[in-house]
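In: have a look at this fold, sequence not included:
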């Protein structure tokens, strides 16, 4: 008896300690059930984080083919770290063909049915991943009571090389494999996000640059219908898709770089990844400039019409949409050359090439028009403004006009707020709205600096959250934002303070409206 009581007390103490440890582990490492199997995440303050959640099977054995769901699992899988990115050039870490993973940030694994914000990364259709510190969803989810999702999918030749006319029926969907990955990820969101406290009927997709272009394409893709309910694009448009014959020309040039005749095209399904990527390091044979261009293909299978030509797609007419751009887009691409900030008028025509303008226009007439419209501008001012207005901004205007003409107008913004980074000389350049929309101004790589950065982030991210929550971007931090119409062309100027303005840069818009626009690469 004298030994029994202490032993029993010790057993109770040990049991209580184990129970406490179990509760603590459950709090620190919450487990969520998905349709494929349970996943264990980590708690970061008030937010549960699940990184590297598998939504598709390894694409390596099915290279150039549509994705498939993963094999189910039963024991909880630790989702503490980001999954691999698609194979690509550059410095993106942790690459591999087994890349169909997504990441979730949520305030609670409960039944609250919060708005869901799915961010699709940029990098054109060739580079990037959902793992950048700029895309971390902790702050956006925690401050706004929303669920944030980022993801990886196949890129460049693995996601968008059109081999259907060269390699046979097994490759029929190769030109849109990357888009089919996105659709599979959005199906995962539809089927699983309620477990993570999200509302599958309030899913917003948003993305910058290539991410926005992917979204514009999804808006015209029948298989994506019903998978998202709001959309926002940031300096990312897709007016026209790549035609199948130009896409075949690119594929043939790539095969030639591999020393493969067309009759051996199917061998690319088993060649080493590095060899395939090296062969893609060529000047685009259609454009005549830049690297090999990849984009969704009008294949009459996955994509049966151009995204925003000849009009806005009817399948997404009911989806509230934000279309944004930055005032000085091309200072991101062309501002790294100091010579572009010290141009003389005699230098300017030679700089305004098709590669920089992306349209076929005589530079002398453009320069003369700008000197008349803005007599106080320097040659460098004209260079950056004209290259911005002629290329990426054109697509944003065309999409806004198409939505307005269809009677389903978008909310349009232009970022004017300028970061003091680089002495402010880059202006409001391409990518500057990323940390503002995702509320990650202090993240590594952010250019959003200075005392106004967080103020601007509260304004822009607040508009995106409001769109996700209500279908309308208005919130108390800015004036009433009205949709774009063809009479006033009203746009929100994102600055501190923000303001509504009718037809910003209307003189530039009218100048370039007389020149046909075809999406570069298509």
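Out: Noted; the coordinates are in hand. What you see is a predicted model; the values in this text were computed from it and never measured.
In: can you give me the strands in the protein?
Out: 31-33, 38-40, 42-44, 47-54, 77-78, 101-106, 114-120, 147-151, 198-208, 230-234, 321-326, 411-415, 490-494, 499-502 (DSSP state E).
In: output the ones you listed as CSV; include the columns mean pLDDT.
Out: Output for the strands of the chain, formatted as CSV (pLDDT from 0 to 100):
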stretch, mean pLDDT
strand 31-33, 98
strand 38-40, 98
strand 42-44, 97
strand 47-54, 98
strand 77-78, 98
strand 101-106, 98
strand 114-120, 98
strand 147-151, 98
strand 198-208, 98
strand 230-234, 98
strand 321-326, 98
strand 411-415, 98
strand 490-494, 98
strand 499-502, 98
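In: tell me the most buried of those?
Out: When these are scored by mean count of other CB atoms under 10 Å, the highest mean neighbour count falls to strand 147-151 (a mean of 29). For glycine as for every other residue, the C-beta is placed from the backbone atoms N, C-alpha and C.
In: contacting residues around that strand?
Out: With contact meaning CB atoms under 8 Å, 6 or more residues apart in numbering, strand 147-151 is reached by 55, 101-107, 114-121, 130-131, 135, 137, 140-141, 182, 185, 189, 193, 196-198.
In: between it and strand 101-106, how many degrees?
Out: Interaxial angle, strand 147-151 versus strand 101-106 (axes from the mean of the first three to the mean of the last three CA atoms, to 10 degrees): 170 degrees.
In: strand partners (parallel or antiparallel) of strand 147-151?
Out: strand 101-106 (antiparallel), strand 114-120 (parallel) (DSSP bridges).
In: would you mind giving the ones you listed as CSV with distance to residue 126 added?
Out: Formatted as CSV, those follow (distance: least, CB to CB, whole Å):
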stretch, distance to residue 126
strand 101-106, 19
strand 114-120, 14
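In: hang on, the earlier thing: format the strands of the chain as JSON lines; extra columns: distance to residue 445.
Out: Putting the strands of the chain into JSON lines (distance: least, CB to CB, whole Å) gives the following:
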{"stretch": "strand 31-33", "distance to residue 445": "29"}
{"stretch": "strand 38-40", "distance to residue 445": "27"}
{"stretch": "strand 42-44", "distance to residue 445": "19"}
{"stretch": "strand 47-54", "distance to residue 445": "18"}
{"stretch": "strand 77-78", "distance to residue 445": "27"}
{"stretch": "strand 101-106", "distance to residue 445": "17"}
{"stretch": "strand 114-120", "distance to residue 445": "15"}
{"stretch": "strand 147-151", "distance to residue 445": "15"}
{"stretch": "strand 198-208", "distance to residue 445": "13"}
{"stretch": "strand 230-234", "distance to residue 445": "16"}
{"stretch": "strand 321-326", "distance to residue 445": "17"}
{"stretch": "strand 411-415", "distance to residue 445": "17"}
{"stretch": "strand 490-494", "distance to residue 445": "20"}
{"stretch": "strand 499-502", "distance to residue 445": "29"}
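In: OK, contacts around the residue most central in space within the chain?
Out: Centroid check for the chain by CA atoms, centre = their mean gives residue 211 as the closest residue, at 1.9 Å. Residue 211 makes contacts with 119, 120, 121, 122, 233, 234, 236, as judged by CB under 8 Å, 6+ apart.
In: so what's the first one closest to, chain neighbours aside?
Out: What sits nearest to residue 119 in space, not counting adjacent residues and going by CB to CB, 6 or more residues apart in numbering, is residue 150, at 4.9 Å.
In: who's that neighbour bridged to?
Out: Counting by DSSP bridges, the residues bridging with residue 150 are residue 103, residue 119.
In: for residue 64, see how far away it is.
Out: 25 Å (CB to CB, to the nearest Å).
In: which residues touch the closest residue to residue 206 other than its chain neighbours?
Out: Once flanking residues are discounted, residue 206 sits nearest to residue 232: 3.9 Å by CB to CB, 6+ apart. By CB under 8 Å, 6+ apart, the residues touching residue 232 are 204-207, 212, 215, 321-324, 437, 464, 467.
In: how about those in JSON lines, adding distance to residue 336?
Out: Formatted as JSON lines, the contacts of residue 232 follow (distance: CB to CB, whole Å):
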{"residue": "204", "distance to residue 336": "33"}
{"residue": "205", "distance to residue 336": "30"}
{"residue": "206", "distance to residue 336": "27"}
{"residue": "207", "distance to residue 336": "24"}
{"residue": "212", "distance to residue 336": "22"}
{"residue": "215", "distance to residue 336": "27"}
{"residue": "321", "distance to residue 336": "32"}
{"residue": "322", "distance to residue 336": "29"}
{"residue": "323", "distance to residue 336": "27"}
{"residue": "324", "distance to residue 336": "23"}
{"residue": "437", "distance to residue 336": "24"}
{"residue": "464", "distance to residue 336": "29"}
{"residue": "467", "distance to residue 336": "33"}
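In: which one of those residues is nearest residue 407?
Out: Using CB to CB, residue 321 comes nearest to residue 407 of the contacts of residue 232, at 13.1 Å.
In: so what's the nearest residue to that closest one once chain neighbours are set aside up against?
Out: Spatial nearest neighbour of residue 321, excluding adjacent residues (CB to CB, 6+ apart): residue 410 at 4.2 Å. Listed by CB under 8 Å, 6+ apart, the contact set of residue 410 reads 321, 322, 323, 399, 400, 403, 404, 483, 484.
In: pull the helix or strand with minimum mean pLDDT from this structure.
Out: When the helices and strands of the chain are scored by mean pLDDT, DSSP states H and E, helix 4-28 comes last with a mean of 52.
In: between the strands paired with strand 147-151, which one is closest to residue 522.
Out: Nearest to residue 522, of all the strands paired with strand 147-151, is strand 114-120, at 19.5 Å by CB to CB.
In: buried residues in stretch 307-325?
Out: 307-309, 312-313, 315-316, 319-325 (16 or more other CB atoms under 10 Å).
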